[in-house]
Structure formats: C-alpha cells, structure tokens
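Asker: Let's see this in three dimensions:
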Amino acid sequence: MSDLVLRPMDEAEAVPAVQIHLAARAEATRRETMPPSVHPPEDGPRWFSTEVVGHRDIWVADDGGVLVGLLVLDVAFLDQLYVLPERQGEGIGTALLELAMALRPGGFELWVFEVNTPAIRLYERFGMTVVERGDGSGNEEGSPDLRYAWPGSGVGALGEDRLA
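Answerer: Okay, the predicted model is just below:
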C-alpha cells in the first residue's frame, strides 16, 4: 500500500469508481453483510454519473494508477465508503475514513445496514455511536439499518460547539 494516494476523483474516472461500489456491494451481498441492491448493476454508471458526480465530494484511493477505494461525502454525511473486495483488510477503508474525518472536522453521520458487521466494527473503532435505529422502512432494500454519528474534532455535527 506504499503507493496509495487519496485524491479527488477526476470526472473521467466515474466508471472505474462506480465499479468499486458495484464490486464491493456484490461481494458484501454474497457474504450476507449487505442486502442485495434493488438496482441492476448495469444502471450503476448512469446513476453514479447523474446522481453522485457533481453533487457530492468524491475521493478515490489510487494505488499505482489503479482505483481501489471510493469515498463519497455530502455536507455532513458520509454517503459511501467502498473498497475493492480483493483489497479489503489492507487499511484502505481506514485511510478513507480518516480522510473523511479530516475533511469534515465538524463531524458527520452515516447509515449502515445492521448486518454489515465489518463496517460497524470500523466505525465503532473510530468512536462513532448509534444515534438512530431503522427498521428498514427508510431504505430501498427494506433492511434494518443504523445511523451512526461522529461528533467531530472539537466542533460537533451540524456545527454545535462541543468544547464549551
């Protein structure tokens, strides 16, 4: 991982970036740590290009010219964090999460499926806490989920001062 560079995604990399999302999601479904997506994989590039690119901050983990991880951030929300299945366990997800924390020092929230125990372990290792439990009625997959919050480094989520 010595050549790993975390950098903003170039718009020309939208297809390789969404392929990370699709591959990681397919493997997590196979492992039963995520429910199956309700969208067909062939719709991924269109969805990513129209709904994500230009609307959110997108960062990639680039290892020697090969994209191996994806981070998508909204204002105070971690929208996506995916690593290629064959590269999981190498610290790439940790590096992307640390980047999210550096980019959003005021804190952020995220949703994770309750069955996604590997992601939950990562988030809890970084001090994130559950602030809401969902029964699945709030997501397309209909799967129970958890909303986690990271309060930030000095300034809390949504801008409230936690040092006072």
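Asker: what's near enough to touch Tyr82?
Answerer: Going by CB atoms under 8 Å, 6 or more residues apart in numbering, Tyr82 touches 20-21, 24-25, 69-70. Just so you know, the C-beta spots here come from the backbone N, C-alpha and C atoms, and that holds for glycine as well.
Asker: show me where this protein has helices.
Answerer: Assigned by DSSP state H, the helices in the chain fall at 14-30, 44-47, 92-103, 117-125.
Asker: could these be laid out in JSON lines, adding mean neighbour count and distance to Val5?
Answerer: Compiled in JSON lines, the helices of the chain are given as follows (neighbours: other CB atoms under 10 Å; distance: least, CB to CB, whole Å):
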{"stretch": "helix 14-30", "mean neighbour count": "18", "distance to Val5": "14"}
{"stretch": "helix 44-47", "mean neighbour count": "14", "distance to Val5": "24"}
{"stretch": "helix 92-103", "mean neighbour count": "18", "distance to Val5": "10"}
{"stretch": "helix 117-125", "mean neighbour count": "15", "distance to Val5": "21"}
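Asker: Ser143: which of these is closest?
Answerer: helix 14-30 (10.9 Å; CB to CB).
Asker: average pLDDT across that closest one?
Answerer: The average pLDDT within helix 14-30 is 94.
Asker: picking up where we left off before, let me have the contacts of Tyr82 in JSON lines, extended by distance to Pro105.
Answerer: Shown next, in JSON lines, are these (distance: CB to CB, whole Å):
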{"residue": "Ile20", "distance to Pro105": "26"}
{"residue": "His21", "distance to Pro105": "26"}
{"residue": "Ala24", "distance to Pro105": "26"}
{"residue": "Arg25", "distance to Pro105": "29"}
{"residue": "Gly69", "distance to Pro105": "21"}
{"residue": "Leu70", "distance to Pro105": "21"}
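Asker: Report the beta-bridge partners for the residue nearest the centre of the chain.
Answerer: Note on the chain: the residue nearest the mean C-alpha position is Leu81, at 2.0 Å, using CA atoms, centre = their mean. Beta-bridge partners for Leu81, by DSSP bridges, are Leu71.
Asker: How much space separates it from Met128?
Answerer: 12 Å (CB to CB, to the nearest Å).
Asker: now do Trp150
Answerer: On the measure of CB to CB, Trp150 and Met128 end up 5 Å apart.
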